[in-house]
Every structure is written in structure tokens, then in C-alpha cells.
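Asks: the following block contains a protein sequence and its predicted model.
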Amino acid sequence: MISRAVGAVKGPAGESQRLPPRSYALVCPGPRGHSPLAMRDAWLEWLSAMPPRERDAAVEGWLGLGRHGHTPPADGLIGYHPSGVAPIVRALAEVPVVADDVFVDLGAGLGKVVLLTRFLTGATSRGIEIQPALVEGARVRAGALGIDAAFAHGDVREADLDDGTVFFLYTPCTGVALDAVLERLHAVARRRAIVVCALGFDIARRHTWLVPRPVDAFWLTMYDSVVPGVAPRPRFESVLRGAAAEAIALEHVGR
């Protein structure tokens, strides 16, 4: 019954098939009476039921994300590589990201992280991307899916970061460029506590204002800002609880 709720279908052998991009509209709150909570839980159940190796293709198909080249847009910047759904869900659950957060993806690509964050947590979610074609593609998908997320064209070294509380970086840049981004984040952390989620790299130890969390997660590290005179981030309860979310985050097969 959950598969029907989120628009999945069963193949000849009973396997869950990829959700069509229009499925979000079919289960969004409205005359049909589906609540955001029921929609999210049904989606998590659908995704957790399939083998982990198939989940990213299924999610990107559901979001309607197309293919794009990986050519770096400039020196010190990294080309487009979409984040995996497992570390995305792990980060959202472990931070945890809640509806009152402002989640900012630095190097947002086609919007996979931002769209899922808004859908799964209700947090204000926005992405910054230097490649105009990717920004336009992300905006188109957000509009088609009815997901209220924002995408700005800009260089993460210069973009407005002031409202962010949680930042996500999947190696958007390296070397001097990365140091410039971290200095921008340090300026935000001098005003409020933030969490930085780094996928695919570790932040250099010289950035002592970022304290890594003791989380055993392949390729994903989470850092809390610790700045004298700034109150720590309050403790929140994750909205991503239960066996389905855990199976996705840990790359297990759900029940």
C-alpha cells in the first residue's frame, strides 16, 4: 500500500520500480488529503525497500534530474558530481536538520541535496551554483515538483551565506578556494552556531573553530562551530526517525 501512496509500481518479479517525477504532485497536501508526514514516510519506505545500489538512480529519476558533464568550471573548482542519497539522509538525520533551519548547499549542481532536504525536513533550503545551466535545471525541477527551494547563480566564495545554519559541501572546491569558503563560514559562525557537512573530504585541522563529530560515516564528516562567546546549537530531535530512514542512511535493505 505504501508503494501506491508514493506512485511506485511493481515489476514482474515484484521489485519496486523507479518513481516518475510527477509522483510528488500526486501525494502533496491538498484535496487528496495526504499530509507531509505521510508523504515523507511513504517515500522513505519505498526507497529503503530497494537494493542500495539502485537508490540513487531511482531518486534522480523521481526528481527528474538529467545528465550533465563533469568539467570543472574554473581553476580550484570541482565539476558536477551528484551526492549520494545515503550521505544526504545520514547528514539530515544526524545534524539533525529541522524545519527552523536554513540549509545551504555550496555547489548545488542540479539541486539533488537541496530538493531532498526541503522535501524530507521542511527546512528552508537553498543552493548556490556557479554554472548557469545547472542553476536553471535545478529551478525547473523545483517548479515541476512543487518543492519550495531556491537556487542562486554565484561563486560560493562571494555569495550571501549570512542566513545559513547548516551548510553542505561535496568538495565544491579545493586549496585556496576552499580556504576562502571556510573563512566566509567562519564569519557566519561568529554570529551563530552552524553545522558544516563535508562529503568527500576532511577539513584541515588548522580550521580549529570547526570541531568534527564522532560519527562513523564513510566519506561524510560533520563539524560543529565552536567560537568564543557564541552559544552552541540547541539540541533538536530528528524528523527522520525509524527503520526506513536508518536503512537508507546506512545503506542497508529495509524490511
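Replies: On my side now, so go ahead.
Asks: residues in contact with D56?
Replies: For D56, the set of contacting residues under the criterion of Cβ atoms under 8 Å, 6 or more residues apart in numbering consists of 82, 84-85. For every residue, glycine as well, the C-beta is placed using N, CA and C.
Asks: can I get these in TSV with secondary structure?
Replies: As requested, those are arranged in TSV below (DSSP: H, G, I helix; E, B strand; the rest coil):
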residue	secondary structure
P82	coil
G84	coil
V85	helix
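Asks: and those as a markdown table, adding neighbour count and pLDDT?
Replies: Conversion of these to a markdown table gives the following (neighbours: other Cβ atoms under 10 Å; pLDDT from 0 to 100):
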| residue | neighbour count | pLDDT |
| --- | --- | --- |
| P82 | 19 | 78 |
| G84 | 21 | 93 |
| V85 | 22 | 96 |
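Asks: can you show me the helices along the stretch 151-255 of the chain?
Replies: In chain order, the stretch 151-255 of the chain shows helices spanning 175-189, 243-249, with DSSP state H, counting those that start in this stretch as the criterion.
Asks: okay, strands next: where are they in this protein?
Replies: Counting by DSSP state E, the segments of the chain that form strands are 102-106, 124-129, 150-153, 166-170, 195-199, 210-212, 220-225.
Asks: which other helices and strands contact the third one?
Replies: Meaning strand 150-153. In terms of contacts (3 or more Cβ pairs under 8 Å, 6 or more residues apart in numbering; DSSP states H and E), strand 150-153 is packed against strand 124-129, helix 132-145.
Asks: hang on, the earlier thing: reformat the strands of the chain as TSV; add distance to R40 and mean neighbour count.
Replies: As requested, the strands of the chain are exported to TSV (distance: least, Cβ to Cβ, whole Å; neighbours: other Cβ atoms under 10 Å):
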stretch	distance to R40	mean neighbour count
strand 102-106	16	26
strand 124-129	14	26
strand 150-153	20	18
strand 166-170	18	26
strand 195-199	20	24
strand 210-212	29	16
strand 220-225	21	20
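Asks: dump those strands into CSV; add distance to E183 and mean pLDDT as well.
Replies: Formatted as CSV, the strands of the chain follow (distance: least, Cβ to Cβ, whole Å; pLDDT from 0 to 100):
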stretch, distance to E183, mean pLDDT
strand 102-106, 13, 97
strand 124-129, 16, 96
strand 150-153, 20, 97
strand 166-170, 13, 95
strand 195-199, 13, 95
strand 210-212, 12, 96
strand 220-225, 13, 96
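Asks: ok, which of those comes nearest V140?
Replies: When these are compared for distance to V140 using Cβ to Cβ, the nearest one is strand 150-153, at 9.8 Å.
Asks: the closest one: partners in the sheet, and parallel or antiparallel?
Replies: strand 124-129 (parallel) (DSSP bridges).
Asks: please state the offset of the strand it pairs with from the chain centre?
Replies: Its chain's C-alpha centre lies 10 Å from the corresponding centre of strand 124-129 when counted by Cα atoms, centre = their mean, to the nearest Å.
Asks: which other residues reach it?
Replies: For strand 124-129, contacts defined as Cβ under 8 Å, 6+ apart pick out 101-109, 111, 113-115, 117-118, 135, 138, 149-154, 156, 159, 163.
Asks: re the thing from before, what's the most buried one of the helices and strands packed on strand 150-153?
Replies: With neighbours defined by mean count of other Cβ atoms under 10 Å, none of the helices and strands packed on strand 150-153 is more surrounded on average than strand 124-129, at a mean of 26.
Asks: next, the angle helix 132-145 makes with it.
Replies: Going by axes from the mean of the first three to the mean of the last three Cα atoms, to 10 degrees, strand 124-129 is angled at 150 degrees with respect to helix 132-145.
Asks: chain neighbours aside, what residue packs nearest to F151?
Replies: Using Cβ to Cβ, 6 or more residues apart in numbering and skipping the chain neighbours, the partner closest in space to F151 is A138 (4.4 Å).
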